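Asker: what would the 3D arrangement of this be:
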Amino acid sequence: MRRSLVESLYASPTSLTIGAVTGVAVGIVISTLSEPGPIQLVVSVLCVVATLRVISAVFFHRQLVRGTAVASRSWELIYELGAWGYSGLLGLMAFVTLIGSRDPVTHMLSVSMATGYAGGISGRNAGRVQIAIGQVCLTLLPTATGLWLQGSTGYRVLSVAMVMMVLGLAEISSTIHRIVVQALVGRRDKSLLAEKFERLARFDSLTGLENRMAMQMRLREIFDTNQKRNDAVTILWMDVDRFKEINDSLGHMVGDQLLRGVAERLNEVVQGRGRIARFGGDEFVIICQDMDRVTASALAQEIISYFAHGFDLSDNHLQVTASIGYAVAPQDGRDMDELMQHADLALYEAKGQGRNRAASFNWSLKERFNRVHEIETGLRRALDGGELKLLFQPIVDLESGHIDACEALLRWDHPVLGPIPPSEFIPIAEGMGMIEAMTGWVLREACAAAASWPGDVRIAINISPASLKSNELPANVIAALLESGLSARQLELEVTESIFLDDSGQTNAVLRELQRIGLRLALDDFGTGYSSLSYLRSYRFDTLKIDQSFMAGVSANAEDRAIVRAIGNLARDLAMDTVAEGIETRTSLPMRAKPASPMSRAIYSAGRSRAIASRS
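Answerer: Numbering: from 1, shown residues only. Model (predicted):
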């Protein structure tokens, strides 16, 4: 603010020049009309001081316009001495004229010049109020003294009026100074506020790193100013592994400390080789110019290794890992958006491979991404456009040889990609939030088909773990049963053991509600994954399905035979049906020669099928 006030002194060299020229001109006229004496010496000195003031003011103003001037204390002192010297010489010129001459014309010229200059200077130099008041006093007080010493009444009245003018002009200068200072303070506060908002807009308040907007602006500028098409630009996209678990278990305060620690750790590793930004949440982006793929890989590994030291946060020592995906322009993308997308795909690849690793983008990732995108787009159309269909796989009672149940198998023939297996499109539907609508469609179609079957043949339907977390499943089941007229005991829902990993009260409540409706429940793929006998005690399953991986080697592998026999005995003692997956022909029955075994009543299903059943 002081610098601004000093710059205001030199802001208008034109007005200073006019004041100097006018004073010199009046001085020359007075010296011409006066007899030789002190007045000529005073005017000569006044001309020299005026010239020096004009030269210094013009020089500083030009430097100020160019932006090379510094409003230092030295320049303020130069102006102050020149102003006081010039004002004192004007006052002295008036005093000498009033005392040494009796010509009323010279008296009028000197007094008018002094009062006019004092009035103008009180406003012009109010930015530095001590300079303005000093100039007024140095100009008017000697003039008032000369008027008083003239002795006549009119001169003395004018002298008193001039002294009063000194007080008035001092007040005016102080008032203008206060207004100027308030304006400068307001401008400074506005500037500081603007800087604060700009920083909030460009920097992350938690870590102090650039935020997403600033990062995107920087990257866009790099691509816009890149003159060479082969200039390498690398984006490393980093994600803190399992950050949500840390945040949820230890609290947001520890999570915030961890993010600050991650930012500090990244600054230590990168050390000017790139610009770091917090993209959002626990994701960080590093932009490196002139960095090829080999160097990018080395930097990514360096970051991952540096994280192995762990983080000491308050009373917690956290072993945190990071996953990094990186893409290098122009090989992996020739514009900002493409390169960002490809680095993101590489990050997902690193996390999919097990986390705590770095992955480079390759175009097969893009092909996979495009396929997933095509499936996502097609799924919305498929459900409404009738592209989905159900196949029914028979489950045969090996004692009677009759079909005991049929398993509904969902199939989709994509108009462009061709047949897509459920193992591929079901997880995508779960991620899109479409699994509830898809499950409702399968329930309605399967129940409607089963209602026309002869006898008491059941329909078995696989239920996604995601559907069990929704309140819509019981309502969809009841609606399908009411629309089709199928009895509840003819509908069997198959679930896998993975639903119990979440240990969700919602899942348990849905299962209990389904059992109260009267549905049959089947535990699918038993013996693999996360098998636990406690599930059989906690839930009354009607059917136990042995995974086909055991049935494939049951003839040649004693261990598989022992496992299948044990599961069969367990199911028989718990009064559950047993379904053995993977037996599709009579010749593939592994237990035909052993009537005494728990599987001795099994027979095969007709035609090609994925699973057949035995009743224990």
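Asker: E492 sits in which helix or strand?
Answerer: Using DSSP states H and E, E492 falls within strand 491-496.
Asker: in stretch 354-362, what counts as buried?
Answerer: Within stretch 354-362, the residues that count as buried by 16 or more other C-beta atoms under 10 Å are 356-361. For every residue, glycine as well, the C-beta is placed using N, CA and C.
Asker: tell me the one of those residues nearest E497?
Answerer: N356 (27.3 Å; C-beta to C-beta).
Asker: assign the closest one to helix, strand or coil.
Answerer: When classified by DSSP: H, G, I helix; E, B strand; the rest coil, N356 comes out as coil.
Asker: cool, the one 10 residues further on as well?
Answerer: Of the three states, K366 takes helix under three-state DSSP.
Asker: got JSON lines for the buried residues of stretch 354-362, with distance to I435 too?
Answerer: JSON lines is the format used below for these (distance: C-beta to C-beta, whole Å):
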{"residue": "N356", "distance to I435": "30"}
{"residue": "R357", "distance to I435": "30"}
{"residue": "A358", "distance to I435": "33"}
{"residue": "A359", "distance to I435": "28"}
{"residue": "S360", "distance to I435": "33"}
{"residue": "F361", "distance to I435": "30"}
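Asker: what distance do you get for H342 to A327?
Answerer: Distance of H342 to A327, computed by C-beta to C-beta, to the nearest Å: 4 Å.
Asker: and for those two, which residues touch both?
Answerer: 333, 361 (C-beta atoms under 8 Å, 6 or more residues apart in numbering).
Asker: contacts only, for D239.
Answerer: For D239, the contact set (C-beta under 8 Å, 6+ apart) comprises 282-284, 322-324, 347, 351.
Asker: likewise for Q257?
Answerer: Contacts of Q257 (C-beta under 8 Å, 6+ apart): 313-314.
Asker: return the distance of it relative to R242.
Answerer: In this view, Q257 and R242 are 16 Å apart by C-beta to C-beta.
Asker: now name the helix or strand holding the closest residue to R458 other than its chain neighbours.
Answerer: Once flanking residues are discounted, R458 sits nearest to A405: 3.8 Å by C-beta to C-beta, 6 or more residues apart in numbering. In the assignment (DSSP H and E), A405 maps to strand 403-414.
Asker: for this structure, give me the ranges with low pLDDT.
Answerer: For the chain, applying pLDDT under 70 flags the ranges 1-12, 64-73, 75, 123-128, 193-200, 226-231, 501-505, 529-532, 585-616.
Asker: can you do 50?
Answerer: When residues are selected by pLDDT under 50, those of the chain lie in 591-616.
Asker: for the longest helix anywhere in it, what is the distance to the chain centroid?
Answerer: In terms of residue count, the longest helix belonging to the chain (DSSP state H) is helix 153-202. Taking C-alpha atoms, centre = their mean, to the nearest Å, the mean C-alpha location of helix 153-202 is offset from the chain mean by 45 Å.
Asker: that older thread, which SSE is immediately downstream of the strand holding A405?
Answerer: Of the helices and strands lying after strand 403-414 in sequence (DSSP H and E), the nearest is strand 418-420.
Asker: list the buried ones in that following strand?
Answerer: I420.
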